[in-house]
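> For reference, the sequence and a predicted model appear below.
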Amino acid sequence: MSRLPRRLRHGEEATLVEHLGELRTRLIIALAALAVGFAVAYAFHGHLLEWLNRPLPDRLQKPVTFSPIEPFATSVLVSLWAALLLALPVIFWQLWSFLAPAFEEHRQRSIALMVAFATVLGLGGVAFGYFVVLPPAIHFLTSYDSPHYTILIRARDYYKFATFVLLGVGLAFEVPVFVLALVRLRILTAAKLRGTWRVGVFLMTVIGVLLPGVDPVTTLLSVIPLVLLYVLSIGLATFLEPRWRR
């Protein structure tokens, strides 16, 4: 007999006890995935730290620590973030499997495609943040007024900053999903998006400026893909809205 929870069909009735039992099982599966992800991430945490250290200038290639416990605590924290990233597909699948019976079959397919699209955009945003935004931002910050400072990079603070940059850019890349969700809920229309595209471009510019890249080049590199993603969301809304109306 399978120990995995069975996903209910739309309209299928279940008792409160059955729902709570399913929820408990899916939480256990999600936590188990997180634990496995942490074990894998911690086994390779040295490679993760080297990967995060690559954007640092050569003279600051190895961050410093200021307490006996900081190396261990920092490595565990980095491994936890990596474990969450590894376990996200399983966590999202368990969450979706629990909520899916509340939606009709054709809506389930639409939402599943939207989640897949959001996942691809999020991973693309993290990659863009690592390869395009983070290196020039680190170079600018560690070179600013360098004749007046002895610059040391504390490991705990640097990894927090790098995580903030990657997550911020990854979330910013979810703009098309957010726009399409508003169109799907009929809060916005494709015609409204086309008519107010200048406002949308302005908002994307503001978001790009608010991202952690502080120098003009990095800010420009952040704004351009956001504007392109917004234009893409207008095109997708124009294509999908008539089908959603039907």
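On my side now, so go ahead.
> now for the helix or strand hosting residue 126, which elements pack on it?
Residue 126 belongs to helix 105-128 when assigned by DSSP states H and E. For helix 105-128, the packing partners by 3 or more CB pairs under 8 Å, 6 or more residues apart in numbering; DSSP states H and E come out as helix 70-99, helix 155-172, helix 175-184, helix 216-245. In this view, the C-beta of every residue, glycine as well, is placed from N, C-alpha and C.
> Next, format those as JSON lines and append mean pLDDT.
Listed next are these as JSON lines, based on pLDDT from 0 to 100:
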{"stretch": "helix 70-99", "mean pLDDT": "88"}
{"stretch": "helix 155-172", "mean pLDDT": "88"}
{"stretch": "helix 175-184", "mean pLDDT": "86"}
{"stretch": "helix 216-245", "mean pLDDT": "84"}
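> can you list the residues that contact stretch 174-186?
Defining contact as CB atoms under 8 Å, 6 or more residues apart in numbering, one finds that stretch 174-186 is touched by 110, 114, 117-118, 121-122, 125, 188-190, 193, 204, 207, 226, 229-230, 232-234, 236-237, 240-241, 244.
> Can you list the buried residues in that stretch?
Buried residues in stretch 174-186, counted by 16 or more other CB atoms under 10 Å: 174, 175, 176, 177, 179, 180, 182, 183, 184.
> Quick check: phi and psi at the first one.
For residue 174, the backbone dihedrals are phi -90, psi 10 (criterion: degrees, to the nearest 10).
> separation between it and residue 62?
34 Å (CB to CB, to the nearest Å).
> Next: the fourth one.
Taking CB to CB as the measure, residue 177 and residue 62 are separated by 38 Å.
> Check the offset of stretch 195-212 from the chain's centre.
On the basis of CA atoms, centre = their mean, to the nearest Å, stretch 195-212 is displaced by 19 Å from the centre of the chain it belongs to.
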